[in-house]
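Engineer: How does the following fold in three dimensions:
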Amino acid sequence: LFRDILAVEATLFQHESKWWLFVNVVENPGASSWDELHLYFADSPLSDTWTPHPQNPIVSDVRRSRPAGKLFVRDGVIYRPSQNSLKGQYGYGMKINKVTRLTTSEYEEIEVDSIEPLWDPRIKGVHTLNQVNRLTMVDGKLTRPKCFRWGSQ
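Structural biologist: Below you'll find the predicted structure:
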């Protein structure tokens with residue numbers, strides 16, 4: 001979709017006759033891909049001319065920049081899940097952000113919830129949240145002991 005841009009974790013969302021692309025962009029070689037969220041819009045998801053949002057980067061915060069699944073709508077409100085990598089760990093936790101403004105000239109969101117892997121000491125991270133109809137999936141990183149069998153064939 002882009003030329004000469006290092007972009008990761010792209011997330012498409014359709015809203016009010018536009019397609020929105022939320023994506024982390026690495027602006028400088030060697031910089032992190034965790035902390036700068038950019039937004040682009042187009043009339044079609046197959047467009048080869050995506051317009052950068054004038055507020056780019058729309059989020060500059062390692063605690064909530066990187067996408068963590070597709071945006072979803074509940075009771076008419078748009079929510080954007082994001083990764084929380086503050087503890088220096090890719091996908092340590094997640095934030096749920098309420099999108100309060102999404103136009104071609106303005107973007108605003110506020111954090112409304114947080115998910116951290118505190119319910120089981122073996123879980124080291126929760127990374128992605130996706131929802132389809134009544135099914136919600138969350139993935140995570142689990143510490144498991146490795147077992148090696150020496151001398152077995």
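Engineer: what about the chain, any weak spots by pLDDT?
Structural biologist: Applying pLDDT under 70 to the chain flags residues 1, 28, 30-31, 33, 88, 147-153.
Engineer: and the residue nearest to the spatial centre of it, what is it in contact with?
Structural biologist: By CA atoms, centre = their mean, the chain has its centre lying nearest to Pro67, at 0.5 Å. Contact analysis of Pro67 by CB atoms under 8 Å, 6 or more residues apart in numbering lists Glu9, Ala10, Thr11, Phe22, Val23, Asn24, Leu37, Arg80, Pro81, Ser82, Gln83. (Each C-beta comes from the backbone N, C-alpha and C, glycine too.)
Engineer: now swap in Leu102 and tell me
Structural biologist: His15, Glu16, Trp20, Ile78.
Engineer: so can I have CSV of those residues showing neighbour count, distance to Val59 and secondary structure?
Structural biologist: Putting these into CSV (neighbours: other CB atoms under 10 Å; distance: CB to CB, whole Å; DSSP: H, G, I helix; E, B strand; the rest coil) gives the following:
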residue, neighbour count, distance to Val59, secondary structure
His15, 14, 17, strand
Glu16, 8, 21, coil
Trp20, 23, 14, strand
Ile78, 18, 15, strand
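Engineer: now, which of those sits nearest Asp4?
Structural biologist: Checking the contacts of Leu102 against Asp4 by CB to CB gives Trp20 as the nearest, at 21.3 Å.
Engineer: So that closest one is in contact with Leu39, correct?
Structural biologist: Yes. Trp20 is within contact range of Leu39, at 6.4 Å (criterion: CB atoms under 8 Å).
Engineer: which ones are touching Asp35?
Structural biologist: With CB under 8 Å, 6+ apart, Asp35 has these contacts: Asn24, Ser60, Asp61, Val62, Ser65, Arg66, Ser85.
Engineer: Please spell out the PyMOL selection for the buried subset of the residues you listed.
Structural biologist: Those of the contacts of Asp35 that count as buried under 16 or more other CB atoms under 10 Å are selected in PyMOL with:
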select buried, resi 24+61+62+65+66+85
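Engineer: Let me know the closest of the contacts of Asp35 to Asp43.
Structural biologist: Asn24 (23.3 Å).
Engineer: how about the strands of the protein, start to end?
Structural biologist: 6-15, 18-26, 37-42, 51-52, 72-74, 77-84, 93-102, 107-115, 123-132, 135-142 (DSSP state E).
Engineer: Thanks again, I'm all set now.
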